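Asks: Would you be able to build a 3D model of this:
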Amino acid sequence: MPKTPIKADINFEQELWKAANELRGAVAENQYKDYILPLIFLKHMSERYEIRKEELLHLIQDKSSSYYTQNQDEINYVLEDADEYVSKNIYIIPKEASWQFLKDNAEQDNIKVIIDDAFDILDSVLAGFRPDLKGILPRLFVKSQLSPRQVGGLINLLSNPKLSQKENPESDILGRVYEYYIGKFAIAEGSGAGQFFTPGSIVRLMVEMIEPYQGKIFDAACGSGGMFVQSLKFLESHGGDKKNISIYGQERYDGTLRLCKMNLALRDLSFDVRLGDSLLNDKFPELKADFIIVNPPFNVSQWHPEDLPENDPRLFGPKEEFTTDGSANYMWMQTFWSHLSDTGTASIVMANGAMTSNNKGEKNVREFMVNNHMIDCIVRLPDKLFLTTGIPACIFILSKNRDGKDGIHRERTNEILFIDTSKMGTMESRKLRVFTDADIDKVAETYHAWRNVDGTYENTDGYSYNATLEQVKKQDYKLTPGIYVGTEEIEDDGILFEDKMAGLKIQLQEQFAKGNELQLRILENFNKL
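Replies: Residues are numbered from 1 along each chain as shown. So this is what the prediction gives:
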């Protein structure tokens with residue numbers, strides 16, 4: 001399906017960061033999102049209501065329209081009929097919760113109270129139609145250290161016509177503003193941002209590879225909803241219809257779940273996202289998704305597998321042999337597999353250690369997955385792609401659609417495609433690498449050429465290799481692409497980082513056994529790593 005050209009960008013980044021800087025001094029950078037994003041959400045809901053109201057007025061004045069009338073009572077009835085708005089996923093916004101009301105009162109000394117009251121009103125309106133949105137806008141301005149002048153300045157900056165959906169109806173402006181801030185705040189928040197943000201170029205790569213044109217999309221660690229938004233963008237760029245996708249998600253943190261709900265509501269998407277720990281409290285036990293796109297937390301230890309029931313249906317075998325308290329990586333894998341439909345595909349960001357781990361509870365799962373034809377493709381990612389962690393990462397693509405019966409994809413049950421992108425990407429800053437459009441197209445096209453019936457795939461030294469399961473088994477089930485494509489480096493030698501560190505520790509202990517006080521302090525600090 002051909003891509004539809006994307007609308008030209010509107011340059012608004014400078015105005016956006018000016019708005020964030022209004023909070024400087026009174027609010028920590030990692031809390032900017034808590035104040036700005038709810039305001040953007042309110043502005044979006046308010047503008048959508050105003051746009052729909054103007055549409056209705058135009059219909060009422062159009063003599064060729066069934067809405068046409070000159071009777072003032074009938075006009076008022078149409079303009080105040082909630083069904084006329086709800087049918088478009090829009091809600092009637094009372095004056096006191098409108099953006100214009102905030103703008104008109106931006107210079108008032110009680111503007112913080114006015115905003116929190118507006119949040120209360122809008123929250124009640126939304127909850128009346130969608131109970132799952134209740135609590136999406138908590139009161140937070142009154143108790144903040146922000147001055148009325150700072151808050152007023154923030155409202156005035158966000159009132160810039162560049163940031164208006166009404167002024168830029170084709171630009172998805174407020175959704176893009178939200179996305180911009182999510183990325184900027186992730187940089188400010190550091191490691192904590194991993195709870196809600198996966199860099200856009202990684203998400204785009206995952207989505208372009210598995211092509212979620214229609215069906216149920218699930219993310220069991222959905223954060224702020226970036227996987228869903230990118231799926232929507234993919235769909236729209238290929239001429240698809242968002243009515244053809246259903247969105248399901250689960251998130252462990254309440255504040256992050258609020259961000260996700262706002263993000264999806266900004267995009268006018270229907271969704272079901274729920275609060276809970278997906279590993280121990282799966283909120284969608286019966287869900288079978290056509291696509292799973294997810295970046296679960298890496299290497300989560302002490303996640304309490306002992307709390308799982310012995311007959312947990314997600315497990316591939318006995319709990320004591322298919323789980324480990326040391327890492328939840330392969331419990332995530334089993335969870336995602338259990339949620340795939342009979343023809344479903346999952347794209348999963350995972351720590352590199354999962355490709356070679358020898359821990360019993362992890363290697364057993366990996367062997368089972370290889371032996372049972374679950375793994376379609378492994379992509380090794382370059383370093384510095386993530387703002388929030390230095391842990392090397394990869395992408396696992398799992399699929400139940402490998403038998404070739406759909407007529408679109410060829411039979412490949414006894415093969416695994418390995419792709420090494422470790423030399424790809426462009427440094428956007430000293431600390432952050434991104435995939436370019438050309439990078440994303442190259443990897444996606446490689447996968448499609450290998451997977452599709454009409455594809456013309458060929459192995460490329462140092463980049464991609466189509467391995468048989470027998471070849472993988474001979475490598476002791478190690479899934480590091482470098483082993484197969486011919487670029488294996490020291491960090492891909494199959495020895496876990498923890499094992500290397502343990503060996504180095506032993507060497508230090510032997511060398512420092514009779515050492516001086518400084519050497520002993522070095523060893524003591526090493527033990528704290």
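Asks: which other residues reach stretch 279-290?
Replies: With C-beta atoms under 8 Å, 6 or more residues apart in numbering as the contact definition, stretch 279-290 has outside contacts at 212, 214-218, 220, 248, 250, 274-276, 303-304, 307-308, 313-314, 328, 331-332, 335, 339-345. (Glycine included, C-beta is placed from N, CA and C.)
Asks: Can you give the distance of the host helix or strand of residue 102 from its chain's centre?
Replies: Residue 102 belongs to helix 99-104 when assigned by DSSP states H and E. Remark: helix 99-104 is offset 32 Å from the chain centroid, using C-alpha atoms, centre = their mean, to the nearest Å.
Asks: quick one on the thing from earlier: in PyMOL, how would I select just the buried ones from the contacts of stretch 279-290?
Replies: Isolation of the buried members of those (16 or more other C-beta atoms under 10 Å) is achieved in PyMOL through the command below:
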select buried, resi 212+214+215+216+217+218+220+248+250+274+303+308+314+328+331+332+335+339+340+341+343+344+345
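Asks: So which of the contacts of stretch 279-290 sit within strands?
Replies: When the contacts of stretch 279-290 are checked against strands (DSSP state E), the matches are 215-218, 248, 250, 274-275, 340-345.
Asks: and residue 219, what is it in contact with?
Replies: Each residue near residue 219 by C-beta under 8 Å, 6+ apart is listed here: 225, 227, 228, 248, 249, 250, 292, 293, 294.
Asks: is it in a bridge, and if so with what?
Replies: residue 249 (DSSP bridges).
Asks: any low-confidence regions in this structure?
Replies: Scanning the chain for pLDDT under 70 picks out the ranges 1-15, 168-176, 178, 183, 185-197, 387-389, 488-529.
Asks: before we move on, the earlier item: select from the contacts of residue 219 the one having the most neighbours.
Replies: In terms of neighbour count, residue 225 stands highest of the contacts of residue 219 at 32 neighbours, by other C-beta atoms under 10 Å.
Asks: Spit out the contact partners of that one.
Replies: Counted by C-beta under 8 Å, 6+ apart, residue 225 has contacts 219, 249, 259, 260, 261, 263, 264, 273.
Asks: Could you measure from it over to residue 264?
Replies: Noted for residue 225: a distance of 5 Å to residue 264, by C-beta to C-beta, to the nearest Å.
Asks: before we move on, what about residue 342?
Replies: In terms of C-beta to C-beta, residue 342 sits 27 Å off from residue 264.
Asks: And residue 404, by the same measure?
Replies: Going from residue 404 to residue 264 by C-beta to C-beta gives 35 Å.
Asks: So these two - more neighbours on which side?
Replies: Counted by other C-beta under 10 Å, residue 404 and residue 264 do not tie: residue 264 has more neighbours, with 22 against 14.
Asks: I believe the more buried one is in a helix; please confirm or correct that.
Replies: Yes: judged by DSSP: H, G, I helix; E, B strand; the rest coil, residue 264 forms part of a helix.
Asks: which ones are touching the nearest residue in space to it that is not next to it in sequence?
Replies: Nearest non-adjacent residue to residue 264, counting by C-beta to C-beta, 6 or more residues apart in numbering: residue 271, 4.7 Å away. By C-beta under 8 Å, 6+ apart, residue 271 lies in contact with 228, 247, 248, 249, 261, 264.
Asks: I'd like to know which of the ones in strands among the contacts of stretch 279-290 is nearest to residue 167.
Replies: Closest approach to residue 167 among these (C-beta to C-beta): residue 217, at 31.3 Å.
Asks: Would you confirm that that closest one contacts residue 235?
Replies: No: counting by C-beta atoms under 8 Å, residue 217 does not reach residue 235; the two are 9.9 Å apart.
Asks: now the nearest residue to residue 451 once chain neighbours are set aside, which residues is it bridged with?
Replies: Nearest residue to residue 451 in three dimensions, chain neighbours excluded: residue 409, at 5.3 Å (C-beta to C-beta, 6+ apart). Under DSSP bridges, the beta-bridge partners of residue 409 are residue 452.
Asks: quick revisit: which two among the contacts of residue 219 are spaced furthest apart?
Replies: Distance extremes for those: the farthest pair is 225 and 292 at 14.5 Å, using C-beta to C-beta.
Asks: could you pull out the helices for the stretch 51-200 of the chain?
Replies: In the stretch 51-200 of the chain, the helices defined using DSSP state H, counting those that start in this stretch lie at 72-79, 83-86, 99-104, 111-129, 148-158, 173-189, 200-210.
Asks: what does stretch 139-147 contact?
Replies: Stretch 139-147 has contacts (C-beta under 8 Å, 6+ apart) with 23, 26-27, 34-35, 38, 112-113, 115-116, 119-120, 151.
Asks: Span of that stretch from start to end?
Replies: Start and end residues of stretch 139-147 are separated by 16 Å (C-alpha to C-alpha, to the nearest Å).
Asks: buried set for that stretch?
Replies: By neighbour count with 16+ other C-beta under 10 Å, stretch 139-147 contains the buried residues 140, 141, 144, 146.
Asks: Over to stretch 451-464?
Replies: So for stretch 451-464, counting by 16+ other C-beta under 10 Å, buried means 451, 457, 463, 464.
Asks: Touching that stretch from outside, list them.
Replies: Applying C-beta under 8 Å, 6+ apart, the contact partners of stretch 451-464 are 376-377, 404, 407-410, 412, 417-420, 446, 448-450, 465-466, 485-487.
Asks: related to what we said a few turns ago, between residue 225 and residue 264, which contacts overlap?
Replies: Common neighbours of residue 225 and residue 264 (criterion: C-beta under 8 Å, 6+ apart): residue 273.
Asks: secondary structure element for residue 455?
Replies: Under DSSP H and E, no helix or strand contains residue 455.
Asks: Roughly how far does the residue nearest to residue 165 when sequence neighbours are not counted sit from residue 258?
Replies: Leaving aside its sequence neighbours, residue 165 sits nearest to residue 47 (C-beta to C-beta, 6+ apart; 4.5 Å). Going from residue 47 to residue 258 by C-beta to C-beta gives 20 Å.
Asks: now residue 46
Replies: Taking C-beta to C-beta, one finds residue 46 at 18 Å from residue 258.
Asks: again, but for residue 273
Replies: 10 Å.
Asks: Same check on residue 222?
Replies: On the measure of C-beta to C-beta, residue 222 and residue 258 end up 12 Å apart.
Asks: Looking at those two, which has the bigger crowd around it?
Replies: For residue 222 versus residue 258, neighbours defined as other C-beta under 10 Å are more numerous around residue 222 (30 against 22).
Asks: wait, doesn't the more buried one sit right on residue 228?
Replies: Yes: if you go by C-beta under 8 Å, residue 222 and residue 228 touch, sitting 7.1 Å apart.
Asks: overlap in contacts of those two?
Replies: With C-beta under 8 Å, 6+ apart as the test, residue 222 and residue 228 both reach residue 249.
Asks: count of neighbours near the closest residue to residue 351 other than its chain neighbours?
Replies: The spatially closest residue to residue 351, leaving aside those adjacent along the chain, is residue 298, at 4.1 Å (C-beta to C-beta, 6+ apart). Neighbours of residue 298 under the rule other C-beta under 10 Å: 21.
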